[in-house]
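S.K.: Next input, structure requested:
(one chain, ligands or ions: 1)
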Amino acid sequence: MAFFSRPQSVNAAVKIVAPTSEDEQAKLSAKKDSTQRQCRNILIYGSCKFEDKGCIYYHPPRPTTPPPASPSQPETPSGKLSQAVNAPVFVPKSSPFPPTSPTPAYAQAQTSLSPSKGISSPATEYDEHDHYDPNYYYYSENGAHPMPAEGLTSQMQAFDLNVFEIPEGQSSMGMHPDYEHDQYDHVGQYDHAGQYDHGGHYDHNGHNLGFYPPQPTFIHQPLDYHLYGLPPAPPTSSHFISPTLHTDLQQRSETLRTAPAPGLGLPEELEGYHTLVPLESTTSDRRKFGSWYSTVYRATGKDGRGYVLRRVENYRLMHQAAFTAIEQWSRIRHPNIVSVQEAFTTRAFGDSSLIMVYTYHPNATTLYDAHIKPKAPTFQNGRLQAQSQFVPERTLWSYIIQIAGAIKAVHDKGLAVRMIDVTKVLVTGQNRVRISSCGIADVLSYSPATAAPATPGTTGSTGSTGTASPTSSIIALHQQEDLAMFGKLIFALCCSNVAAINNLNKALDVMSKTYSADVKNVALFCLSKPGMHKLFDMIGSRLLTEMDEMQNGIDSLEGELMYELENARLVRLLCKFGFINERPEFARDPRWSETGDRYIIKLFRDYVFHQVDEHGNPVVNLSHVLTCLNKLDAGTEERIMLVSRDEQSVLVVSYKDVKACIESAFGELARR
Ligand SMILES: Nc1ncnc2c1ncn2[C@@H]1O[C@H](COP(=O)(O)OP(=O)(O)OP(=O)(O)O)[C@@H](O)[C@H]1O
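M.R.: Numbering: from 1, shown residues only. Sure, this is the predicted structure:
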């Protein structure tokens with residue numbers, strides 16, 4: 001292959017060819033007599049702890065001075081470097097990276113390399129040892145822990161391996177099915193029963209004798225973790241961020257995609273909205289919305305997004321001008337108001353219905369459902385106990401501030417909410433509330449007598465302009481009503497009773513037992529229908545607390561986003577694989593995706609996705625995939641063994657090389 005014809009660079013890929021028949025003979029005869037076989041701990045670690053404790057294998061006499069270790073080729077015993085230089089070199093085309101930095105000794109050895117030595121003439125200096133057969137331990141001991149790929153690669157490097165035998169009929173891919181964790185950093189040792197130990201020594205019966213520091217021959221090779229995105233700091237607990245944020249988001253996404261139950265008899269399509277799903281029961285006790293029945297549906301809009309359709313049954317539109325307020329409402333975008341989209345009438349339900357369209361907030365509940373509706377008792381400490389409905393004061397203030405902010409925004413636009421009720425305020429996230437059903441009262445109670453559209457700043461209570469028109473005084477009245485409704489809502493929440501206000505003394509009693517005097521003062525203040533700005537004076541410094549919490553929430557979400565950024569890196573890589581692998585033709589070359597640098601990419605893809613275990617079953621290990629892709633994206637120096645599909649050749653390449661191949665191939669495609 002063309003990759004091996006460039007020995008001018010440093011060693012990145014090593015082709016391992018099938019052994020000659022003489023090698024085979026030598027290996028077989030060596031296996032026959034284990035006392036003549038060199039101990040593998042010597043081969044791998046340079047020493048055997050059991051040499052004097054009964055190890056039956058051959059231990060050559062120890063050299064008087066240990067060979068110096070190479071710092072940049074940590075997994076290669078330095079004593080074998082002169083043999084390693086015989087390895088052919090893989091250099092990706094137009095590599096954007098500098099070549100793998102060799103040690104001075106290694107570089108020197110390379111320059112003295114005879115050009116006649118290539119891949120087809122593997123080094124023969126190994127003949128004094130028996131050839132390393134990575135399958136030997138694994139297949140000789142049934143049930144032994146299979147050798148992980150990284151372990152195998154480092155073993156091969158430790159042997160300066162140029163000659164490698166893949167037993168006939170055995171898939172080399174199947175040798176390392178348990179690639180689960182990032183084991184590259186471990187310096188393990190195989191005992192003679194084939195047990196792998198991450199840095200520990202085993203006796204010859206396979207018992208672990210304890211954890212020993214790595215042998216000096218092997219230098220710990222850390223990953224280039226600095227190339228990865230830093231994990232975000234642990235998020236500070238935030239009032240507005242759910243501790244189960246991921247689950248909540250997934251559940252919302254699931255809710256968005258639930259299909260409607262069949263046989264509901266709902267219209268297929270309404271002004272472009274389709275796939276209607278009722279959000280409340282249409283059969284059980286129904287409360288009237290003023291003097292109308294209403295039903296809330298979830299629907300999918302023309303843009304594919306979710307919307308809420310509130311249908312008011314048997315509504316007859318007498319004046320088109322009734323929709324004027326909707327135009328104003330649809331311009332209000334506030335974090336504590338469910339946005340109004342549009343309104344129309346329809347006969348699709350068999351009657352004349354008014355449809356109000358709002359933004360959909362999946363899995364939202366009403367304040368009533370969240371805090372007031374009696375809940376079934378649950379088992380706590382082995383006993384059935386009623387669930388607490390109590391709203392903590394911190395949460396209550398948060399609700400007060402959010403709702404007050406929403407009311408103010410509406411009033412500033414010259415409108416009134418007219419619908420502040422525990423059943424119409426939605427909890428749409430962790431301690432987040434939004435006023436829903438806005439604008440509907442304006443349509444339903446439209447009268448031509450009060451038809452003149454209000455303009456911002458012309459309101460009675462909050463407005464600042466001179467003479468009040470009849471319209472503006474009505475709006476001012478509605479705005480004062482808003483505050484009174486807000487006061488009632490605070491009482492209802494504090495007393496867990498929608499009708500708490502009907503017995504004010506009792507409600508005040510309950511309230512003062514649980515909450516601070518400030519809560520009571522604010523609730524009473526609202527009931528007295530004051531101006532909005534005075535309300536904010538009472539809330540005072542609690543606004544700052546709320547702001548701090550909001551910013552904590554933002555920090556926390558940014559941290560979450562950082563995690564997702566990591567995903568984007570991997571998706572980009574996968575896209576590049578998709579562009580390159582199996583491309584039918586490029587530059588009039590039908591074999592483009594199978595040749596040159598692309599061949600490495602293909603083998604790498606096999607290594608990541610197409611591994612099989614010893615039984616030939618696919619290895620579908622996501623952590624293996626993620627680990628490989630992260631290392632690829634970081635372009636680490638770590639090497640892996642890629643096996644051709646015919647299992648006749650093996651390449652040892654670094655992630656850095658594979659990354660260079662991908663950059664180069666993708667660059668070719670992108671330049672066109
Ligand atoms: N914009 C929205 N996004 C998500 N869900 C909503 C939205 N608006 C309403 N809902 C849900 O629809 C359901 C019915 O809403 P509705 O306003 O009718 O409340 P309700 O408690 O049934 O009040 P009522 O008894 O007055 O009908 C509620 O569970 C509410 O959570």
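
S.K.: Which positions in the stretch 151-300 of the chain make contact with the ligand?
M.R.: Within reach of the ligand by CB under 6 Å from any ligand atom, the stretch 151-300 of the chain has these residues: 279-280, 287, 296. C-betas here are computed from N, CA, C, even on glycine.

S.K.: is it true that residue 379 lies in a strand?
M.R.: Yes: counting by DSSP: H, G, I helix; E, B strand; the rest coil, residue 379 is part of a strand.

S.K.: Which of the residues of the stretch 151-300 of the chain next to the ligand are buried, as a ChimeraX select command?
M.R.: To isolate the buried members of those in ChimeraX, using 16 or more other CB atoms under 10 Å:
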select :296
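
S.K.: Mind telling me the two of the residues of the stretch 151-300 of the chain next to the ligand farthest from one another?
M.R.: Maximum pairwise distance in these, criterion CB to CB, is 14.3 Å, between 279 and 287.

S.K.: Could I get the contacting residues of whichever residue of the stretch 401-550 of the chain sits closest to the ligand?
M.R.: Using CB to the nearest ligand atom, the closest approach of the stretch 401-550 of the chain to the ligand is made by residue 423 at 3.8 Å. With contact taken as CB atoms under 8 Å, 6 or more residues apart in numbering, residue 423 is in contact with 287, 366-368.

S.K.: One more pass at 7 Å, please.
M.R.: Applying CB atoms under 7 Å, 6 or more residues apart in numbering to residue 423 gives the contacts 366, 368.

S.K.: next SSE after the helix or strand residue 482 falls within?
M.R.: Residue 482 is part of helix 470-495, with elements assigned from DSSP states H and E. Next helix or strand after helix 470-495 toward the C-terminus (DSSP H and E): helix 504-514.

S.K.: buried stuff in that following helix?
M.R.: Neighbour-count burial for helix 504-514 [16+ other CB under 10 Å]: 507-508, 510-511.

S.K.: Taking those residues together, which two end up most distant?
M.R.: Greatest spatial distance in the buried residues of helix 504-514: 508 and 510, 7.5 Å, computed using CB to CB.

S.K.: now do the same end-to-end measure for stretch 425-441.
M.R.: Terminal residues of stretch 425-441 lie 15 Å apart, using CA to CA, to the nearest Å.

S.K.: er, stretch 372-390 I mean
M.R.: One end of stretch 372-390 sits 9 Å from the other (CA to CA).

S.K.: Looking at it now, give me its mean pLDDT.
M.R.: Averaged across stretch 372-390, the pLDDT comes to 82.

S.K.: what does that stretch contact?
M.R.: Identification of contacts with stretch 372-390 by CB under 7 Å, 6+ apart yields 371, 422, 492, 496-498.

S.K.: try 8 Å
M.R.: Identification of contacts with stretch 372-390 by CB under 8 Å, 6+ apart yields 371, 422, 492-493, 496-498, 514.

S.K.: And that stretch, what's buried?
M.R.: Neighbour-count burial for stretch 372-390, counted by 16+ other CB under 10 Å, picks out residue 372.

S.K.: same check, this time on stretch 238-250
M.R.: By neighbour count, with 16+ other CB under 10 Å as the criterion, the buried positions of stretch 238-250 are 238-241, 245, 248.

S.K.: Between all of these, which two are at the greatest distance?
M.R.: 239 and 248 (15.1 Å).

S.K.: How many residues are close by the nearest residue to residue 626 once chain neighbours are set aside?
M.R.: Distances taken as CB to CB, 6 or more residues apart in numbering place residue 570 nearest to residue 626, at 7.1 Å, with adjacent residues excluded. Residue 570: 15 surrounding residues under other CB atoms under 10 Å.

S.K.: follow-up on the earlier one: what packs against the helix holding residue 482?
M.R.: helix 393-412, helix 504-514, helix 517-527, helix 532-539 (3 or more CB pairs under 8 Å, 6 or more residues apart in numbering; DSSP states H and E).

S.K.: Helix 532-539 and that one, what's the angle between them?
M.R.: Interaxial angle, helix 470-495 versus helix 532-539 (axes from the mean of the first three to the mean of the last three CA atoms, to 10 degrees): 20 degrees.

S.K.: Is any residue of helix 470-495 near the ligand?
M.R.: No: applying CB under 6 Å from any ligand atom, one finds helix 470-495 separated from the ligand by no less than 13.2 Å.

S.K.: Stretch 311-322 now?
M.R.: No: using CB under 6 Å from any ligand atom, we find that stretch 311-322 stays clear of the ligand, coming within 10.4 Å at best.

S.K.: With mean pLDDT and distance to the ligand added, can I get the helices and strands packed on helix 470-495 in a markdown table?
M.R.: Shown next, in a markdown table, are the helices and strands packed on helix 470-495 (pLDDT from 0 to 100; distance: least, CB to the nearest ligand atom, whole Å):
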| stretch | mean pLDDT | distance to the ligand |
| --- | --- | --- |
| helix 393-412 | 96 | 14 |
| helix 504-514 | 94 | 22 |
| helix 517-527 | 94 | 21 |
| helix 532-539 | 86 | 25 |
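
S.K.: Can you say which of those helices is packed in most?
M.R.: Ranked by mean neighbour count, the helices and strands packed on helix 470-495 are led by helix 393-412 with a mean of 20 (mean count of other CB atoms under 10 Å).

S.K.: Kindly report the residues of the stretch 301-450 of the chain close to the ligand.
M.R.: 308, 338, 358-361, 364-366, 368, 423-424, 426, 436-437.

S.K.: In strands only, show me these.
M.R.: Among these, DSSP state E puts 308, 358-359, 365-366, 426 in strands.

S.K.: about what we covered before: drop anything exposed from the contacts of stretch 372-390.
M.R.: Among the contacts of stretch 372-390, those buried by neighbour count (16+ other CB under 10 Å) are 371, 422, 492-493, 496-498.

S.K.: Residue 442: neighbour count?
M.R.: With other CB under 10 Å as criterion, residue 442 counts 21.

S.K.: wait, residue 530
M.R.: For residue 530, the neighbour count with other CB under 10 Å is 15.

S.K.: State the pLDDT value of it.
M.R.: Confidence at residue 530, expressed as pLDDT, is 73.

S.K.: Verify the contact between it and residue 484 for me.
M.R.: No: Residue 530 lies out of contact with residue 484 (CB atoms under 8 Å); the separation is 10.1 Å.

S.K.: Just give me the longest strand of this protein.
M.R.: With secondary structure taken from DSSP E, the chain has its longest strand at strand 292-300.
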